[in-house]
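*Asks:* Provide a 3D model corresponding to the input given below.
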Amino acid sequence: MIRIGIFASGEGTNAQRFMDYFKGHEQITISLIITNNPKANVLARASKMGIRCLVIDRDTFYNTNKVVEELKQKIDFIVLAGFMWMIPANLIEAFEGKMVNVHPALLPAYGGKGMYGMNVHKAVVANGEKKSGITIHFVNEHYDEGKIIFQQECPVSSVDTPEILANNIHKLEHEFYPRVVEKLLLGNIS
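*Replies:* Numbering: from 1, shown residues only. Next up, the predicted model:
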């Protein structure tokens, strides 16, 4: 059984999508939710599904190997789903090629430090882009620069607001992110 750990910092809708998608899966399971926010709603979502949670603090995450050592015992693969901290080098090294993120734009456009959530959608709309989308990519030591695994486009109309675009992007994340991770883990894409 391939054990996924999901890193999330907030509401947890993408994490919920993963928990629902892999519930009862014969080869893949969501075995741990990791958060840096003890008040994150993702904790309640995980509790309802019977999934264990780990709340981490900044000092332990960045200045020790405790989190890495614990994760190496409990999970095989990491999915970032709205986790708002930069991943430290020791965790990237321990899970090299086994950690993915979804970005709410078509990388390399609108990526990098500060380009997350509504910041991305506001920039896309302000620049009059005709399309946006999602990028699922491996995580490396730089924001949004890991190898691209999958992209899916959506149109952006002249009347779209950042909120409308955010909703459209979120639908793409829910539709494609778990499916792409499943294919990746089962060797159907590389």
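*Asks:* contacts and neighbour counts: CA atoms only from here.
*Replies:* Will do.
*Asks:* For Ile189, list the residues it contacts.
*Replies:* By C-alpha atoms under 8 Å, 6 or more residues apart in numbering, the contact list for Ile189 reads Lys183.
*Asks:* hang on, I meant Pro88
*Replies:* Phe61, Tyr62, Glu141.
*Asks:* just how off-centre is the longest helix along the chain within its chain?
*Replies:* Scanning the chain for the helix with the most residues, using DSSP state H, yields helix 162-185. Taking C-alpha atoms, centre = their mean, to the nearest Å, the mean C-alpha location of helix 162-185 is offset from the chain mean by 10 Å.
*Asks:* re the thing from before, out of the contacts of Pro88, who has the most neighbours?
*Replies:* Highest neighbour count within these, by other C-alpha atoms under 10 Å: Phe61, with 18 neighbours.
*Asks:* Chain neighbours aside, what residue packs nearest to that residue?
*Replies:* Nearest residue to Phe61 in three dimensions, chain neighbours excluded: Val67, at 6.1 Å (C-alpha to C-alpha, 6 or more residues apart in numbering).
*Asks:* Find the helix or strand that the one you found is a member of.
*Replies:* Following DSSP states H and E, one finds Val67 within helix 66-74.
*Asks:* From the chain's centroid, how far away is that helix?
*Replies:* Chain-centre distance of helix 66-74: 19 Å, with C-alpha atoms, centre = their mean.
*Asks:* Ser132 falls within a strand, correct?
*Replies:* Yes - the assignment for Ser132 is a strand, going by DSSP: H, G, I helix; E, B strand; the rest coil.
*Asks:* residues of the helix holding Val67 that come out buried?
*Replies:* In terms of neighbour count (16 or more other C-alpha atoms under 10 Å), helix 66-74 has its buried residues at Val67, Val68, Leu71.
*Asks:* what does the longest helix of the chain rub up against?
*Replies:* Contact with helix 162-185 is made by 2, 14, 17-18, 21, 28, 102, 104, 117-118, 121-122, 124-125, 133-134, 136, 150, 152, 154, 156, 189-190, as judged by C-alpha under 8 Å, 6+ apart.
*Asks:* and that helix, which residues are buried?
*Replies:* Within helix 162-185, the residues scored as buried using 16+ other C-alpha under 10 Å are 162, 165-166, 168-170, 172-174, 176-178, 180-182, 185.
*Asks:* those strands in the chain, which residues are they?
*Replies:* 2-7, 28-35, 52-55, 77-80, 99-103, 131-138, 148-155 (DSSP state E).
*Asks:* Of all those strands, which one is nearest Ala109?
*Replies:* Ala109 lies closest, by C-alpha to C-alpha, to one member of the strands of the chain: strand 131-138, at 9.2 Å.
*Asks:* That closest one versus strand 148-155: what angle between them?
*Replies:* Interaxial angle, strand 131-138 versus strand 148-155 (axes from the mean of the first three to the mean of the last three C-alpha atoms, to 10 degrees): 170 degrees.
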